[in-house]
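Undergrad: no letters, just coordinates:
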């Protein structure tokens with residue numbers, strides 16, 4: 001059944017906009033009048049028209065925050081017993097964003113035509129990641145779609161909270177770094193050259209630090225366009241290179257091999273893996289299917305390879321805890337939790353507890369890092385500024401000494 005976008009007036013003369021599904025435009029207008037609305041404009045929804053023409057839906061992808069809000073609203077409505085198509089339609093009528101409305105209207109139209117919600121979401125892969133769709137499909141198969149969406153909303157809200165906390169904590173250090181770099185740049189480009197002119201012709205042998213500073217200043221003055229072009233070229237080259245899987249894999253292996261960075265990445269990936277497995281298993285997904293879906297959430301290709309190995313080991317008959325232990329690089333705490341879950345038959349719950357413990361450790365480590373970052377930046381910039389000031393003062397003091405002598 002096609003979807004239509006409408007604009008109509010209610011009995012009080014208030015303008016209403018929204019979407020509805022009907023067999024034809026005439027049927028859509030009839031439905032509006034039945035709702036005591038006077039239709040002003042009724043047209044086939046853009047996403048539906050595109051699909052009828054044989055194209056793939058070209059709506060703008062939902063942002064992470066929009067996906068989080070939509071998931072929470074759908075979870076609440078479906079948990080309350082509302083049919084899926086009605087819940088999607090109701091959310092579509094409430095959102096302000098045209099992009100969100102078009103995506104949701106197309107979902108409702110597809111569900112009304114008999115598609116499962118997870119299959120309808122596949123037409124909007126940019127808005128609904130593959131692992132998200134896998135979780136929704138598991139919820140549909142188990143009959144607990146509302147509960148699955150509720151867990152998904154919790155997970156997305158938690159990830160959004162961590163992201164916002166990190167962004168807020170980095171505002172001051174980033175602003176401090178930019179300000180300090182601007183001050184240093186101004187000193188090198190404008191102040192140091194004028195001081196260098198004052199020292200010319202004095203016959204004084206400048207200190208090594210001063211000569212180095214004047215050299216850096218001269219290089220920046222003469223070569224700043226080349227320097228900026230070089231930096232832009234390096235960034236563009238890295239961006240293009242990282243599109244190649246082999247380069248990304250090499251980068252991920254390098255990061256995993258670094259002493260402090262590698263352990264942090266392993267913990268972050270393990271927490272994401274455990275949280276995903278918790279949602280999937282509680283949604284009714286089988287363990288092999290859950291492992292395959294969880295692999296898609298990995299942000300590091302090396303860790304994704306580990307999950308592939310774990311999945312193969314489980315399929316050959318090994319227990320999940322043994323497979324995790326054999327993979328290497330998995331936090332012992334998570335392995336212990338999984339082993340306990342296998343013995344008690346509550347694997348999903350134990351994955352959740354393991355994820356919570358690792359996330360708590362990560363949160364503490366992140367707070368410590370951010371608390372140390374600010375004084376570290378101040379110390380580094382203080383050393384740089386002190387070096388610049390000394391390079392200026394040393395020749396002046398030397399001139400004064402010669403004058404007094």
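TA: Perfect, thanks for sending it. Values in this document were obtained by computation on a predicted structure and should not be read as measured data. Numbers count the residues shown, from 1 in each chain.

Undergrad: and the residue nearest to residue 276 when sequence neighbours are not counted, what helix or strand is that in?
TA: Excluding the flanking residues, the one nearest residue 276 by Cβ to Cβ, 6 or more residues apart in numbering is residue 294, at 4.4 Å. (C-beta placed from N, C-alpha, C; glycine too.) Element membership for residue 294 (DSSP states H and E) is helix 287-295.

Undergrad: what's in contact with that helix?
TA: Helix 287-295 has contacts (Cβ atoms under 8 Å, 6 or more residues apart in numbering) with 130-131, 134-135, 138, 273, 276-277, 280-281, 285, 304, 307-308, 310-311, 314-315, 320, 347.

Undergrad: just the buried ones out of those residues, please.
TA: 131, 134-135, 138, 273, 276-277, 280-281, 285, 304, 307, 310-311, 314, 320, 347 (16 or more other Cβ atoms under 10 Å).

Undergrad: domains of the protein?
TA: For the chain, automatic domain parsing gives the domain ranges 3-44, 64-155, 170-405.

Undergrad: can you list these in TSV and add mean pLDDT and distance to residue 164?
TA: Shown next, in TSV, are those (pLDDT from 0 to 100; distance: least, Cβ to Cβ, whole Å):
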stretch	mean pLDDT	distance to residue 164
domain 3-44	80	31
domain 64-155	85	9
domain 170-405	85	11
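
Undergrad: thinking again about what came up before, quick one: which of the contacts of helix 287-295 sit in helices?
TA: 130-131, 134-135, 138, 273, 276-277, 280-281, 304, 307-308, 310-311, 314-315, 320, 347 (DSSP state H).

Undergrad: still on that earlier bit, make TSV out of the domains of the chain and add distance to residue 161.
TA: Converted to TSV, these look like this (distance: least, Cβ to Cβ, whole Å):
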stretch	distance to residue 161
domain 3-44	31
domain 64-155	10
domain 170-405	10
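
Undergrad: just those: most buried one?
TA: domain 64-155 (a mean of 20; mean count of other Cβ atoms under 10 Å).

Undergrad: how long is it end to end?
TA: Domain 64-155 has an end-to-end distance of 12 Å (Cα to Cα, to the nearest Å).

Undergrad: now do stretch 294-308
TA: 10 Å.

Undergrad: now it, how far from the centre of its chain.
TA: Centre-to-centre, stretch 294-308 and its host chain are 16 Å apart (Cα atoms, centre = their mean, to the nearest Å).

Undergrad: compute the distance between the closest residue to residue 296 other than its chain neighbours and residue 299, please.
TA: Distances taken as Cβ to Cβ, 6+ apart place residue 131 nearest to residue 296, at 4.6 Å, with adjacent residues excluded. Counting by Cβ to Cβ, to the nearest Å, the gap from residue 131 to residue 299 is 12 Å.

Undergrad: what of residue 120?
TA: In terms of Cβ to Cβ, residue 120 sits 27 Å off from residue 299.

Undergrad: swap in residue 345?
TA: Taken as Cβ to Cβ, the span from residue 345 to residue 299 is 31 Å.

Undergrad: kindly report the same for residue 305.
TA: The value you get for residue 305 to residue 299, if Cβ to Cβ is used, is 13 Å.

Undergrad: ok, residue 226 next?
TA: 35 Å.

Undergrad: ditto for residue 335
TA: 21 Å.

Undergrad: for stretch 357-375, what is the distance to the chain centroid?
TA: Distance, centroid of stretch 357-375 to centroid of chain: 19 Å (Cα atoms, centre = their mean).

Undergrad: circling back to that earlier point, didn't the residue nearest to residue 296 look like it was pressed against residue 304?
TA: No - at 11.9 Å, residue 131 does not count as touching residue 304 under the criterion of Cβ atoms under 8 Å.

Undergrad: would you double-check that residue 243 falls in a strand?
TA: No - applying DSSP: H, G, I helix; E, B strand; the rest coil, one finds residue 243 to be coil, outside a strand.

Undergrad: can you give me phi and psi for it?
TA: phi -70, psi -20 (degrees, to the nearest 10).

Undergrad: contacting residues around it?
TA: Per Cβ under 8 Å, 6+ apart, neighbours of residue 243: none.

Undergrad: next: residue 122.
TA: So residue 122 contacts 128, 133 (Cβ under 8 Å, 6+ apart).

Undergrad: mind doing that once more with 10 Å?
TA: Shown in contact with residue 122 (Cβ atoms under 10 Å, 6 or more residues apart in numbering): 110, 115-116, 128, 130, 133, 137.

Undergrad: please tell me how far the residue nearest to residue 300 when sequence neighbours are not counted sits from residue 166.
TA: Nearest residue to residue 300, sequence neighbours excluded (Cβ to Cβ, 6+ apart): residue 252, at 4.7 Å. Separation of residue 252 from residue 166 (Cβ to Cβ) stands at 21 Å.

Undergrad: same thing with residue 90?
TA: For residue 90, the distance to residue 166 - Cβ to Cβ - is 34 Å.

Undergrad: also residue 212?
TA: For residue 212, the distance to residue 166 - Cβ to Cβ - is 37 Å.

Undergrad: same question for residue 140.
TA: 34 Å.

Undergrad: and what of residue 186?
TA: From residue 186 to residue 166 the distance is 30 Å (Cβ to Cβ).

Undergrad: now residue 392
TA: Distance, residue 392 to residue 166, by Cβ to Cβ: 38 Å.

Undergrad: thinking again about what came up before, does the residue nearest to residue 296 really touch residue 297, like I thought?
TA: Yes - counting by Cβ atoms under 10 Å, residue 297 is a contact partner of residue 131 at 4.9 Å.
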